[in-house]
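> Sharing a model prediction with you, sequence too.
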Amino acid sequence: SAELALRPHERDTDPYKQATRLPTETVSLDQINSLPGDDEPPSIDEESSPSQRPKLQVEVSLGERKRFIALVIHLEGPPATLEEALTLIEDIAYKRDGIIHQRQPGRMVALFGLPLTDENDIVSAVRVASEAREVIEDLSRGHDDLTTPIGVNIGIRAGTARMAAGGAEYHLLGNTLSETASLAESTPSGDIHLAGAAARLAAMHYLLREGRALRRMGKPIRCYAVLRPHPPESRQGAADTPLIGRDMELNALRGVWRDCAINHQQRSILVLGAAGQGKSRLVDEFLLRHATDANVFTASATPHRRETPNALLYDLLRSITGVPGGGSRRTQARIFERLRELLPAEVAADTDHLLDTLSALIAPQADDPEQDPRRREVHSAMRQLLVYLAQRRKVILVVENLHWADTPSLDFIATLVSRGGETEVPLLLLATARPEEGLPLEDVFPEGLASQVALEDLGPGDRQQLLLEILGTDLKEPLAEAIERRAGGNPFYPVSY
């Protein structure tokens, strides 16, 4: 047994006391990967002396270590407006699988990756941060009594937690929260800043710019501002480390896409694999190599949005239009303005009806999505929109984590698959899912109407090659054996270690 505080113990001292200014520039993933692991926490014994440790609150057995992403948001403005903003941001974080670790007047701390770690935790954190900024902008515009806009400062860092037996509680190791808070406080209003491992992970998905450096124990800590997502064809994560042990699966995707493009016929394919098997990595590599002449639209399901009707379809609308942000009125208006621009002139007579139908994705007319009288009409309109777009340029629709999709969204995907034979346009539906989550495969991707690719553990040779790619000549036999014991054939775990 060990001491476990239901809330983590944090030192009173602030490691960020001084700051220096570095030149502002856009940075590459290679530059960020060269950074030291500045946010790797010490062990519990190194964390504090016995006199500094928290008072015993509950006696439990501590379990495995988990990496998490910490998001700290600081707000400045009238208390009533800040409370309204925090309530909206809390809902956004919840929908992105975040845990609200702490909420105080003008301050919120959300954690991602606890109790279940996901390879896209950093993406979830940055998305919440981006949507929080938009909420603040909308509130600032909507309150005429505000003399100055609401200030928002956002910091994101990675840390390590030790889970209690059973995974019900967690203990945060090191000073991650205080360091993330200091990072947020030093960030210019409206910016999203990352440091350390969080920056390395985010660089796979976002273009970053080096900004203000902080100091920790007398050493400078480089910080990076998030600029915008990488387009699918230039995802640096896909190019940084070669895809290993997945040649057969990659060729299968390429073959289905080739058939779709040549015959101008919709095709559907489902990539199955347990968590960490590399489903998203395989999809990224496929897009990087073979989708340069297509429009790629993406949507991803999350566990906390299973009860949100048509959540995937709304994400899809945002991807099609390129409109970031959350569900604010301004975002919704921009989505439909952009859709009107994208629809071809020859269907102008149908545009108003199509957009009016798709508006039901934002404002469902029934509490029970199964009873929504416009559900089938909405799904038909979404399919028609995809057909219109694919008539102008080839389309790849990427739907990730389908096992977490809400029921109406699953119904739409099933309809899209079943009517693929009627769709004479180059449209590829590429979905990913975990087979252990109970997705009704035969209902959504029936045999004969869709292809399936299953990802298994990497073999011994591929595991060794992956470690060599990650560590190069620094790979030592004891380290390789330790990683092998913990990671097995799952390709995600060696990268995270």
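Done, it's in. In this text, all values refer to a predicted model and were calculated from it rather than measured experimentally.
> Spatially central residue for the chain, please.
Central residue of the chain (C-alpha atoms, centre = their mean): residue 123, 2.9 Å from the mean position.
> Name the residues of the particular helix or strand that has it in it that come out as buried.
Using DSSP states H and E, residue 123 sits within helix 121-142. Residues 121-140 are the ones in helix 121-142 that count as buried (16 or more other C-beta atoms under 10 Å). In short, each C-beta sits where N, CA and C put it, glycine included.
> Then stretch 105-123?
Buried residues in stretch 105-123 (16+ other C-beta under 10 Å): 106-115, 117-123.
> Keep only those of those that are in strands.
Mapping these onto strands (DSSP state E) picks out 107-112.
> now the strands: where do they sit in the stretch 151-300 of the chain?
151-164, 170-173, 192-195, 206-210, 213-216, 219-221, 223-229, 267-272, 295-300 (DSSP state E, counting those that start in this stretch).
> Could you tell me which ranges of the stretch 351-497 of the chain sit under the pLDDT cut-off?
Judged by pLDDT under 70, the stretch 351-497 of the chain has its weakly predicted residues at 362-373, 459-497.
> cool, the stretch 51-200 of the chain as well?
Within the stretch 51-200 of the chain, the segments meeting pLDDT under 70 span 51-63, 142, 144, 165-168.
> mean confidence score for stretch 318-334?
For stretch 318-334, mean pLDDT is 73.
> for it, how far is the first residue from the last?
For stretch 318-334, the first-to-last residue distance is 9 Å (C-alpha to C-alpha, to the nearest Å).
> and what of stretch 259-270?
Stretch 259-270: ends 16 Å apart by C-alpha to C-alpha.
> Kindly report the same for stretch 108-118.
Using C-alpha to C-alpha, one end of stretch 108-118 lies 22 Å from the other.
> Give me the residues contacting it.
With C-beta atoms under 8 Å, 6 or more residues apart in numbering as the contact definition, stretch 108-118 has outside contacts at 66-73, 86, 89-90, 93, 96-103, 121-122, 124-125, 128, 161, 163, 167-168, 170, 177, 180-181, 275, 496.
> Give me the buried subset of those.
For these, a burial check counting by 16+ other C-beta under 10 Å picks out 66-73, 86, 89-90, 93, 96-99, 101, 103, 121-122, 124-125, 128, 161, 163, 170, 177, 180-181.
> out of those, which are inside helices?
When DSSP state H defines the helices, the subset of those inside them is 86, 89-90, 93, 121-122, 124-125, 128, 177, 180-181.
> Report the two of those separated the most.
Greatest spacing in these, by C-beta to C-beta: 86 and 122 (22.3 Å).
> what about residue 408, neighbour count?
23 (other C-beta atoms under 10 Å).
> orientation of the helix or strand harbouring it relative to strand 267-272 in degrees?
Element membership for residue 408 (DSSP H and E) is helix 407-418. Interaxial angle, helix 407-418 versus strand 267-272 (axes from the mean of the first three to the mean of the last three C-alpha atoms, to 10 degrees): 130 degrees.
> so how far is helix 407-418 from its chain's centroid?
For helix 407-418, the separation from the chain centroid amounts to 23 Å (computed by C-alpha atoms, centre = their mean, to the nearest Å).
> what helices or strands is that helix leaning on?
Helices and strands touching helix 407-418, by 3 or more C-beta pairs under 8 Å, 6 or more residues apart in numbering; DSSP states H and E, are helix 311-321, helix 375-392, strand 427-433, helix 441-444.
> List the residues that contact the nearest residue to residue 306 once chain neighbours are set aside.
Leaving aside its sequence neighbours, residue 306 sits nearest to residue 406 (C-beta to C-beta, 6 or more residues apart in numbering; 5.3 Å). Neighbouring residues of residue 406 by C-beta under 8 Å, 6+ apart: 301, 305-312, 369.
> For residue 406, what are phi and psi?
Backbone torsions of residue 406, given as degrees, to the nearest 10, read phi -70, psi 160.
> what about it, distance to residue 309?
Applying C-beta to C-beta, to the nearest Å, the value for residue 406 to residue 309 is 6 Å.
> With residue 226 instead?
Taking C-beta to C-beta, one finds residue 226 at 30 Å from residue 309.
> was I right about residue 322 contacting residue 338?
Yes. With contact defined as C-beta atoms under 8 Å, residue 322 reaches residue 338; the gap is 6.8 Å.
> okay, these two: which has more neighbours?
In this view residue 322 and residue 338 are compared by other C-beta under 10 Å, and residue 338 has more residues nearby, 16 against 12.
> which secondary structure element contains the more buried one?
Going by DSSP H and E, residue 338 is part of helix 329-342.
> Buried residues, the helix or strand following that helix. List them.
Downstream of helix 329-342, the next assigned helix or strand under DSSP H and E is helix 348-358. Across helix 348-358, burial judged by 16+ other C-beta under 10 Å covers 354-355, 357-358.
> Pull the most distant pair out of the residues you listed.
Maximum pairwise distance among the buried residues of helix 348-358 (C-beta to C-beta): 7.2 Å, between 355 and 357.
> Name all residues that make contact with residue 322.
Taking C-beta under 8 Å, 6+ apart, one finds residue 338 in contact with residue 322.
> Since that was my last question, I'll sign off now.
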